[in-house]
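> output the structure for:
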Amino acid sequence: MAKSPVTPASPTTADANVHPAQTRSIHDESVGHGNSPAAWTCVFVMILGAAIASVGYIMASHLVFWTGVGVMFVGLIVGYIMKKAGYGVGGHKLSKSDH
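Below is the predicted model:
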């Protein structure tokens, strides 16, 4: 069976008439990805809580498991408080840094 040659896609007449601004994708916009001290602290504390909860689950200890879940909740609150205090993306405490 013979293979047909593969040719690169060529722009069509309809593609040539589209303005470049109309072809922008939602992925062209920078979303920031939460690269801030508030986000990193929130994530670190929540990962620590998940590790504690995992150990509690393996040990079959309700106290350790729910303590880990509580630490995850505290991480969420700490991140929110830090964001309101100006350490989030675009926060006033970070205006002179690269965040």
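> select the longest helix from this structure.
Ranked by residue count and defined by DSSP state H, the top helix of the chain is helix 37-59.
> in that one, what's buried?
Residues of helix 37-59 classed as buried by neighbour count (16 or more other CB atoms under 10 Å): Pro37, Ala38, Ala39, Thr41, Cys42, Val45, Met46, Gly49, Ile52, Ala53, Gly56. Backbone N, C-alpha and C define where each C-beta goes, glycine included.
> residues in contact with stretch 85-95?
By CB atoms under 8 Å, 6 or more residues apart in numbering, the residues outside stretch 85-95 that reach it are Gly32, Gly34, Asn35, Ser36, Pro37, Ala38, Ala39, Met82, Lys83, His99.
> buried among these? Make that a PyMOL selection.
Command for PyMOL that selects the buried part of the contacts of stretch 85-95, burial taken from 16+ other CB under 10 Å:
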select buried, resi 36+37+38+39+82+83+99
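> now the contacts of stretch 85-95 in JSON lines, with distance to Trp66 and pLDDT?
As requested, those are arranged in JSON lines below (distance: CB to CB, whole Å; pLDDT from 0 to 100):
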{"residue": "Gly32", "distance to Trp66": "33", "pLDDT": "61"}
{"residue": "Gly34", "distance to Trp66": "27", "pLDDT": "71"}
{"residue": "Asn35", "distance to Trp66": "31", "pLDDT": "83"}
{"residue": "Ser36", "distance to Trp66": "29", "pLDDT": "88"}
{"residue": "Pro37", "distance to Trp66": "28", "pLDDT": "90"}
{"residue": "Ala38", "distance to Trp66": "25", "pLDDT": "90"}
{"residue": "Ala39", "distance to Trp66": "25", "pLDDT": "90"}
{"residue": "Met82", "distance to Trp66": "25", "pLDDT": "92"}
{"residue": "Lys83", "distance to Trp66": "26", "pLDDT": "91"}
{"residue": "His99", "distance to Trp66": "34", "pLDDT": "50"}
